[in-house]
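Trainee: Provided below for reference: sequence and predicted model.
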Amino acid sequence: MKKTIVTTEGGFRAAMVDWEDAWSDGQGIYTEEELKKDSPFKIQSCGILVVNNKQGVYLAKQRFQNGNFKGILHIPKAMVRKVTLL
């Protein structure tokens, strides 16, 4: 089966980003041992891939006719594990 590659009018591609996020809990009480066993949240986000550079990945939810973007998610490069073009 041939895979269809979807691009926007400006040539931007859709992408899925696998990344790890930080968390905080202002109410919880934890032991040192509990925290040593903890791990980051593993997240997958999809959108229009606007930028993928040394600062990070920028995904947009929308692209307007004039070329502007809306609904930006910036993921710092150190948190990015994988970028898959869709």
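Mentor: Thanks, I have the structure now. Predicted model, so just to flag it, every value in this text is computed and none were measured.
Trainee: can you give me the pLDDT of the residue in the chain sticking out farthest from the centre?
Mentor: The outermost residue of the chain relative to its centre, with distances by CA atoms, centre = their mean, is T31 at 30.9 Å. Looking at T31, its pLDDT stands at 92.
Trainee: from C46, how far off is it?
Mentor: 37 Å (CB to CB, to the nearest Å). C-beta coordinates here come from the backbone N, C-alpha and C atoms, glycine included.
Trainee: what is the burial count for I43?
Mentor: 13 (other CB atoms under 10 Å).
Trainee: one more: the one 10 residues further on?
Mentor: By other CB under 10 Å, the residues close to N53 number 8.
Trainee: list the contacts of it.
Mentor: By CB atoms under 8 Å, 6 or more residues apart in numbering, the contact set of N53 is K77.
Trainee: with the one 5 residues further on instead?
Mentor: For Y58, the contacting residues are L49, V50, V51, N52, I72, L73, H74, I75, taking CB under 8 Å, 6+ apart as the criterion.
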